[in-house]
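Participant: Quick one, structure for this:
(one chain, ligands or ions: 1)
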Amino acid sequence: MSYIHEVLNRLQGKFPHQPEFLQAVTEVFESLRPLFKQEKKYEKYKILHRIVIPERHVNFRVTWTDNKGNIQVNQGYRIEFNSAIGPYKGGLRFHPTVSEGTIKFLGFEQIFKNSLTGLAMGGGKGGSDFDPKGRSESEIMRFCQAFMNELFRHIGANTDVPAGDIGVGSREIGYLFGQYKKLTNRFDGVLTGKALGWGGSLVRTEATGYGSVYFAEEMLKSKNESLEGKICLVSGSGNVAIYTVEKLQQLGAKAITVSDSRGFIHDNDGIDVVLLKDIKEKRRESLEAYAKEKKTAKYISSQNYPQGYNPLWSIPCFAAFPSATQNEINSVDADHLLQNGCKCVNEGANMPSTLEAVHKFIDAKVCFGPAKAANAGGVATSGLEMSQNASMTSWSFEEVDKKLHAIMKHIYDISQETAKEFGESHNLVLGANIAGFRKVADAMIDQGLV
Ligand code: NDP
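Facilitator: Numbering: from 1, shown residues only. Have a look, this model is predicted:
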């Protein structure tokens, strides 16, 4: 049995109840096969055995009271996965589906994503099964404060620097930071995604969406294609999706869909990004409101979705930007996209395509931007926020955007060059996984058994 197979088998036996984590590990390990054929040192140092086990798990209780005075209890997590190349870095997710397995999958992906950015950041992730939907401002604040009452012990500007993710935006980062400062009496760059007036970086809000489109542009350039004038599908309507739509429009492409957990909008006129921001960022309403206010738009409720596939991915398009959540494109959705002429799939969300869907995109040789490369612009700009905090400066929008653009190009270039080195030029999943892994694994060897 090969070394890769042995470690995968062992994990499958130990964590059968963590399917997302196993999926993320399987995708990375499958890509590493050609590297392990050439290079024996990773097996000698048992790197795979070591890299799948987080350096530290923090599981904690979060207790708070709701507006009616009822006691509420949630589970909190911070998983400090790997610090071989820098302090732990990765977002916090507040969503009712969050479990230890979800945070492990996200933290594992984060190790290699952060490595690809070229910045000194290790991998971590955290969150809670708290559901912010329907909660008042004061309930959100009390929950964030209760969450930080434990988290503050484990984080620090040079130790572990959390950021946002699903359900955690600038409002939540504000409440978390306020409580950190109250508990420690320190004004540190301990969280990223802060507001501009107190240590945040310009472009951080836009970074994941803009970066995702920059990555897609690089892939398309290599095929003498561009996004200009092209029809694009976007899923999600949160931070990543909104700024993906905005950048696509700036480049002359037409994004015609967005979605949320209750349904999706199909607007052949192109998504009105000003209206979308108003509904999602200010009013925090469902997308149904969009269709009521824009007459060219159709709203399709998820209650009317057929069994087994998402009709959003059946709309003919040139490029697809899944930007909501994990496993939102299954193998049937992948067939629909390919049958309808889709030439580019760029993952804005983390692991939005199932393993079967990924295989179909790679086999079809369309441009496929894997999440850990395509959506790394968010964490890269968080890294830029940390640099600005450390040097007590702030850069202009243009400066940060230029650096973000350069980082996305760098990520494309190393992923592509590595894919080529291993004889599979078109396979950026393989390229990104090997390039991200090699740097971390070599650092682990250099630093001994710790
Ligand atoms: P937001 O909370 O801002 O938005 C999430 C969006 O996805 C919402 O429209 C939400 O709908 C939808 N969504 C969430 N869960 C589901 C579900 N189970 N089914 C259908 N729709 C769902 O999160 P972000 O935009 O920040 O994150 C989106 C993705 O991008 C995630 O995978 C995240 O890990 C990834 N990512 C985010 C980065 C960032 O900088 N923010 C960086 C890198 C990756 P609803 O509002 O109805 O819940």
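Participant: As a check, name the ranges of all helices in the stretch 201-350 of the chain.
Facilitator: 204-221, 239-250, 273-277, 288-293, 331-339 (DSSP state H, counting those that start in this stretch).
Participant: Dump those to TSV, plus distance to the ligand.
Facilitator: Heads up, the C-betas are built off the backbone N, CA and C, glycines and all. Below are the helices of the stretch 201-350 of the chain laid out as TSV (distance: least, C-beta to the nearest ligand atom, whole Å):
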stretch	distance to the ligand
helix 204-221	4
helix 239-250	4
helix 273-277	10
helix 288-293	11
helix 331-339	13
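Participant: Most tightly packed of those helices?
Facilitator: The highest average neighbour count among the helices of the stretch 201-350 of the chain, using mean count of other C-beta atoms under 10 Å, belongs to helix 204-221 at a mean of 26.
Participant: what is the rounded mean pLDDT of that one?
Facilitator: This predicted structure assigns helix 204-221 an average pLDDT of 98.
Participant: Stretch 290-308 too?
Facilitator: 96.
Participant: if we can go back for a sec, which of the helices of the stretch 201-350 of the chain sits closest to residue 376?
Facilitator: With C-beta to C-beta as the criterion, residue 376 lies closest to helix 204-221 of these, at 6.7 Å.
Participant: At the geometric centre of this protein, which residue sits there?
Facilitator: residue 350 (4.2 Å; C-alpha atoms, centre = their mean).
Participant: Do you have the strands of the stretch 251-400 of the chain handy? List them.
Facilitator: Along the stretch 251-400 of the chain, the stretches classed as strands by DSSP state E, counting those that start in this stretch are 254-255, 257-260, 263-267, 297-301, 319-321, 344-346, 367-369.
Participant: May I have the strands that pair with the shortest one, each with its orientation?
Facilitator: Strand 254-255 has the following strand partners under DSSP bridges: strand 231-234 (parallel).
Participant: Would you mind writing the CA trace of stretch 400-413 as CSV?
Facilitator: Below are the C-alpha coordinates for stretch 400-413, written out as CSV (Å, rounded to 0.1, in the frame of the first residue of the first chain):
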residue,chain,number,x,y,z
VAL,A,400,-3.5,47.6,-2.0
ASP,A,401,-5.4,46.6,-5.1
LYS,A,402,-2.2,46.5,-7.1
LYS,A,403,-0.5,44.3,-4.5
LEU,A,404,-3.6,42.0,-4.5
HIS,A,405,-3.5,41.8,-8.3
ALA,A,406,0.2,40.9,-8.2
ILE,A,407,-0.4,38.2,-5.5
MET,A,408,-3.2,36.6,-7.6
LYS,A,409,-0.9,36.6,-10.6
HIS,A,410,1.9,35.0,-8.5
ILE,A,411,-0.5,32.3,-7.3
TYR,A,412,-1.6,31.6,-10.8
ASP,A,413,2.0,31.5,-12.0
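Participant: for the record, mean pLDDT for that stretch?
Facilitator: Across stretch 400-413, pLDDT averages out at 98.
Participant: In the stretch 251-400 of the chain, what residue comes closest to the ligand?
Facilitator: residue 378 (2.9 Å; C-beta to the nearest ligand atom).
Participant: Setting the sequence-adjacent residues aside, check what's closest to that residue.
Facilitator: residue 208 (3.4 Å; C-beta to C-beta, 6 or more residues apart in numbering).
Participant: Equivalent analysis for residue 140, please.
Facilitator: Residue 140 sits nearest to residue 132 (C-beta to C-beta, 6+ apart), 5.9 Å away.
Participant: do residue 360 as well
Facilitator: Per C-beta to C-beta, 6+ apart, closest to residue 360 is residue 334, 4.2 Å.
Participant: Isn't that neighbour up against residue 355?
Facilitator: No - between residue 334 and residue 355 there is no contact, the gap being 10.7 Å when judged by C-beta atoms under 8 Å.
Participant: Can you tell me the SS state at residue 97?
Facilitator: The three-state assignment at residue 97 reads coil, by DSSP: H, G, I helix; E, B strand; the rest coil.
Participant: from what I can see residue 351 touches residue 24, true?
Facilitator: Yes - between residue 351 and residue 24 there is a contact at 6.1 Å, judged by C-beta under 8 Å.
Participant: Which of the strands of the stretch 251-400 of the chain sits closest to residue 191?
Facilitator: Residue 191 lies closest, by C-beta to C-beta, to one member of these: strand 257-260, at 25.6 Å.
Participant: Give the partner strands of the closest one in its sheet and their orientations.
Facilitator: strand 263-267 (antiparallel).
Participant: State the mean pLDDT of the partner strand.
Facilitator: The average pLDDT within strand 263-267 is 98.
Participant: how about that strand against the ligand, any contact?
Facilitator: No - interface with the ligand: strand 263-267 contributes nothing (C-beta under 6 Å from any ligand atom), its closest point being 8.9 Å away.
Participant: That strand versus strand 297-301: what angle between them?
Facilitator: Between strand 263-267 and strand 297-301, the angle comes out at 160 degrees (axes from the mean of the first three to the mean of the last three C-alpha atoms, to 10 degrees).
Participant: Using neighbour counts, pick out the buried residues of strand 263-267.
Facilitator: By neighbour count on 16 or more other C-beta atoms under 10 Å, the buried set for strand 263-267 is 263, 264, 265, 266, 267.
Participant: Name the residues that touch that strand?
Facilitator: 235, 237, 256-259, 271, 286-288, 290-291, 294, 296-303, 311-312, 315 (C-beta atoms under 8 Å, 6 or more residues apart in numbering).
Participant: ChimeraX command to pick out the buried ones of these?
Facilitator: Buried members of the contacts of strand 263-267, defined by 16+ other C-beta under 10 Å, are picked up in ChimeraX with:
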select :235,237,256,257,258,259,271,286,287,290,291,294,297,299,300,312,315
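Participant: Now do the helix or strand hosting residue 143: which elements does it pack against?
Facilitator: Using DSSP states H and E, residue 143 sits within helix 137-151. Packing partners of helix 137-151 (3 or more C-beta pairs under 8 Å, 6 or more residues apart in numbering; DSSP states H and E): strand 56-65, strand 71-82, strand 122-128, helix 170-184.
Participant: which of the ones you listed is buried the deepest?
Facilitator: Taking mean count of other C-beta under 10 Å, strand 122-128 is the most buried of those, at a mean of 29.
Participant: Contacts only, for residue 302.
Facilitator: 261, 262, 263, 264.
Participant: State the distance from it to residue 272.
Facilitator: Applying C-beta to C-beta, to the nearest Å, the value for residue 302 to residue 272 is 22 Å.
Participant: And residue 294, by the same measure?
Facilitator: 6 Å.
Participant: wait, does the helix ranked longest in the chain contact the ligand?
Facilitator: Longest helix in the chain by number of residues (criterion: DSSP state H): helix 397-421. No - legend: contact between helix 397-421 and the ligand by C-beta under 6 Å from any ligand atom is lacking; minimum distance shown is 11.9 Å.
Participant: Which strands or helices does that helix pack on?
Facilitator: Contacting helix 397-421 under the criterion 3+ C-beta pairs under 8 Å, 6+ apart are the following elements: helix 100-116, helix 204-221, helix 371-374, helix 377-390, helix 428-446.
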